[in-house]
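Q: got a predicted structure here, sequence first:
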Amino acid sequence: MLRDITLGQYYQTDSVIHRLDPRVKLTATICYIISLFIVDNVIGYIIAGLFLAMIIKLSRVPVKFMIRGMKAILFLLIIAVIFNLFLTPGEVLFSFWKLQITKEGIRLAGFMAIRLVFLIMGSSVMTLTTTPNNLTDGMEKLLGPLKRIRVPVHEISMMMSIALRFIPILLEETDKIMKAQIARGADFESGNLIKKAKSLVPLLVPLFISAFRRANDLAMAMEARCYRGGEHRTKMKPLIYQKRDRLAYGALAGYLVLCVILGKILL
Amino acid sequence: MSSLILDHVNYIYEAGTAMEFAALKDINLVINKGEFIGLIGHTGSGKSTLVQHLNGLLAPSSGNIFFDGADIHDSDFDKKRLRSKVGLVFQYPEHQLFEIDVFSDVCFGPKNLGLDRKEVELRAYAALKQVGLSDEYFYQSPFDLSGGQKRRVAIAGVLAMKPEILVLDEPTAGLDPKGRDEILDQIAKLREETGITVILVSHSMEDVAKYVSRIIVMNRGQIMFDDVPREVFSHYKELESVGLAAPQVTYIMQALKKSGLDVDTDITTIREAKTEILRALKKEPS
């Protein structure tokens, strides 16, 4: 029941996208998200869609997994669409009661929906094809220059990788504790809001305790291996750009140019 | 009386994905009242999945489960009642403790059954006594207890619901030998006193051999053996091939037999072995 969250879950397979340097994927994801907000016409979105479809195809991750991640934002999506649909002023197409649908509203709502869907899918591709460790390594390297202005880049990325690493573990733990309490007659579903919130206590207390216990164990294990932050720490697999990474940057640049020209300037 | 019947039960994890995995394959079982059963299997053999079917936490992908003759997945079947009748103690049950003191934690189960306060407290008290916890711990935080004590509290939490079938998933995992024997002895004693059905899940034959009257061996989601201990142990070669082992006593008896001592190899406990070896030695004209 709790396994439906794709964000932050790696899909194991071998593909060009999987093998790309995480820095490329991070940069590409950010650029892709920006591109979604630059373009504001149909051709732009067609290009963005085709680009995404190509990446998904190359990544060899079943589309089903991307769609599963979508469920989480379904609610947000519906709200965004409804607000844009009804609250955009402009040329009125239909109206009933106090609500009116305008031509601009339909256009905006449609674009908003496409943007959100592409945005989530685009970032899902990144998390599905990159292991959390790789991802934070990439981030650390990309943000490296910020160390000069005393931003604790290494610590931040270490925290992120630990957090990501623990998501599936804690989900599993939640599932287990939930089952154990259901076996003791707990009821997580029925009742009003207050009763429901109260019924979460037997779940949350053990979960927090287990999170702290795990944190403690991990800290101990890190200390036992003489971990002391990023200073002078070397990597077993340092990130080095390969030919395919440079190619990917080229493709990304091409896509961005295309987006700006066709999606913004031309029409 | 209370019995559980599993009829052609299959269970598939993550059906329809690349990770699809059949955890249970065509399981047929009859669990009668008052039995003391050992459910043995290697890690990943499906034993934990199986026990979660017994109280309806997991629903089989196909097949049926009957409790007292009623299908537990019928829409009008009262699952809550089932869960009070089939008590399931999970692995590392001490991780589910949450209340401020031991006594309130044990009260959680019976309270969920909607009993009145007096009955709840009586049951909690009786359950804590059944697991052999002395009064001085009742009002301590469960988190201040030792590992073995925590586990007793957690088991009491399930016992307080007065189950007719008690399922314990690896109740001795992570305990030292003394703690392990204490818990198992306590469970055996409890069964003698109350006559409840007990299903003991374990990966170690050694642990259960001494207590149970029936052993179910699982391998890769299927039932490999389902018989009395001596019959199961006589297949010790096959057990080894699936990563399990018969108790050491079996090996000793087999080795003695091979080296010429005329002993009965169908021995399951150390005490029996002692008598048998003495008998054989006396008979031996040396």
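A: Cool, the structure landed. Numbering: from 1, shown residues only, chains lettered A, B, ... in the order given.
Q: for residue A:181, see how far away the residue in the stretch 1-150 of chain B that chain A sits nearest to is.
A: Using C-beta to the nearest C-beta, the closest approach of the stretch 1-150 of chain B to chain A is made by residue B:112 at 3.1 Å. (Each C-beta comes from the backbone N, C-alpha and C, glycine too.) Residue B:112 sits 9 Å away from residue A:181, taking C-beta to C-beta, to the nearest Å as the criterion.
Q: now do the contacts for the closest residue to residue A:21 other than its chain neighbours.
A: Using C-beta to C-beta, 6 or more residues apart in numbering or on different chains and skipping residues adjacent in sequence, the residue nearest residue A:21 is residue A:245, 4.5 Å away. Counting by C-beta atoms under 8 Å, 6 or more residues apart in numbering or on different chains, residue A:245 touches A:20-21, A:23-24.
Q: all strands for the stretch 151-267 of chain A, in order.
A: In the stretch 151-267 of chain A, no strands are found when defined by DSSP state E, counting those that start in this stretch.
Q: residues from it in reach of chain B?
A: A:173, A:176-177, A:179-187, A:201-202, A:205-206, A:209-210 (C-beta under 8 Å from any C-beta of the partner chain).
Q: looking at the stretch 151-267 of chain A, which residue is nearest chain B?
A: residue A:185 (3.1 Å).
Q: find the nearest non-adjacent residue to that residue, please.
A: The nearest residue in space to residue A:185 (C-beta to C-beta, 6+ apart) is residue B:112, at 3.1 Å.
Q: the one you found contacts residue A:183, doesn't it?
A: No: between residue B:112 and residue A:183 there is no contact under C-beta atoms under 8 Å: 10.3 Å.
Q: which residues does residue A:22 contact?
A: Here residue A:22 is in contact with A:130, A:134-135, A:137-139, A:239 (C-beta under 8 Å, 6+ apart).
Q: reformat those residues as TSV; add distance to residue B:186.
A: Output for those, formatted as TSV (distance: C-beta to C-beta, whole Å):
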residue	distance to residue B:186
A:130	50
A:134	49
A:135	49
A:137	50
A:138	54
A:139	52
A:239	56
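Q: shouldn't residue B:142 be in contact with residue B:97?
A: Yes: here residue B:142 reaches residue B:97: they are 4.2 Å apart, a contact under C-beta under 8 Å.
Q: sorry, back to before: more neighbours: which of residue B:112 and residue A:183?
A: residue A:183 (28 against 21; other C-beta atoms under 10 Å in any protein chain shown).
Q: how about the one helix or strand residue B:190 maps to: buried residues?
A: Using DSSP states H and E, the element containing residue B:190 is helix B:177-194. Within helix B:177-194, the residues that count as buried by 16 or more other C-beta atoms under 10 Å in any protein chain shown are B:179-180, B:182-184, B:186-188, B:190-191.
Q: what distance do you get for the residue nearest the centre of chain B to residue A:57?
A: Residue closest to the average C-alpha location in chain B (C-alpha atoms, centre = their mean): residue B:200, at 1.4 Å. Using C-beta to C-beta, we find residue B:200 at a distance of 51 Å from residue A:57.
Q: quick one: least confident helix or strand in chain B?
A: helix B:205-209 (a mean of 81; mean pLDDT, DSSP states H and E).
Q: identify each buried residue in that one, please.
A: B:205, B:207-209.
Q: where does pLDDT dip in the chain?
A: No chain specified, so I'll use chain A. A:1-9, A:264-267 (pLDDT under 70).
Q: meant chain B, my bad for not saying
A: In chain B, residues with pLDDT under 70: B:1-2, B:16-19, B:285-286.
Q: which residues of it lie near chain A?
A: B:14, B:17-18, B:52, B:55, B:57, B:80, B:83-84, B:87-88, B:90, B:93, B:95-98, B:108-109, B:111-113, B:143, B:157-158, B:161.
Q: residues contacting the helix or strand hosting residue A:95, please?
A: Using DSSP H and E, residue A:95 falls within strand A:92-96. Applying C-beta under 8 Å, 6+ apart, the contact partners of strand A:92-96 are A:100-103, A:106.
Q: which ones are touching residue 23?
A: You didn't pick a chain, so chain A it is. A:138, A:141-142, A:239, A:241, A:245.
Q: right idea, wrong chain: chain B
A: B:11-13, B:46, B:49, B:221.
Q: number of nearby residues for the closest residue to it other than its chain neighbours?
A: Distances taken as C-beta to C-beta, 6+ apart place residue B:49 nearest to residue B:23, at 4.3 Å, with adjacent residues excluded. By other C-beta under 10 Å, 20 other residues sit near residue B:49.
Q: relative to the whole chain's centre, how far out is the helix or strand where residue B:49 lies?
A: Taking DSSP H and E as the definition, residue B:49 sits inside helix B:47-54. Remark: helix B:47-54 is offset 11 Å from the chain centroid, using C-alpha atoms, centre = their mean, to the nearest Å.
Q: next, the buried residues of it.
A: Quick answer for helix B:47-54 (16+ other C-beta under 10 Å): B:47-54.
Q: put the alpha carbons of stretch B:97-106 into PDB.
A: Output in PDB follows, covering the C-alpha atoms of stretch B:97-106 (Å, rounded to 0.1, in the frame of the first residue of the first chain):
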ATOM      1  CA  LEU B  97       5.800  -1.000  21.600                       C
ATOM      2  CA  PHE B  98       4.700   2.600  22.000                       C
ATOM      3  CA  GLU B  99       2.900   3.300  25.300                       C
ATOM      4  CA  ILE B 100       4.300   5.100  28.300                       C
ATOM      5  CA  ASP B 101       4.300   2.000  30.400                       C
ATOM      6  CA  VAL B 102       4.300  -1.700  30.000                       C
ATOM      7  CA  PHE B 103       0.800  -2.200  31.300                       C
ATOM      8  CA  SER B 104      -0.900   0.300  29.000                       C
ATOM      9  CA  ASP B 105       0.900  -1.200  26.100                       C
ATOM     10  CA  VAL B 106      -0.400  -4.700  26.800                       C
END
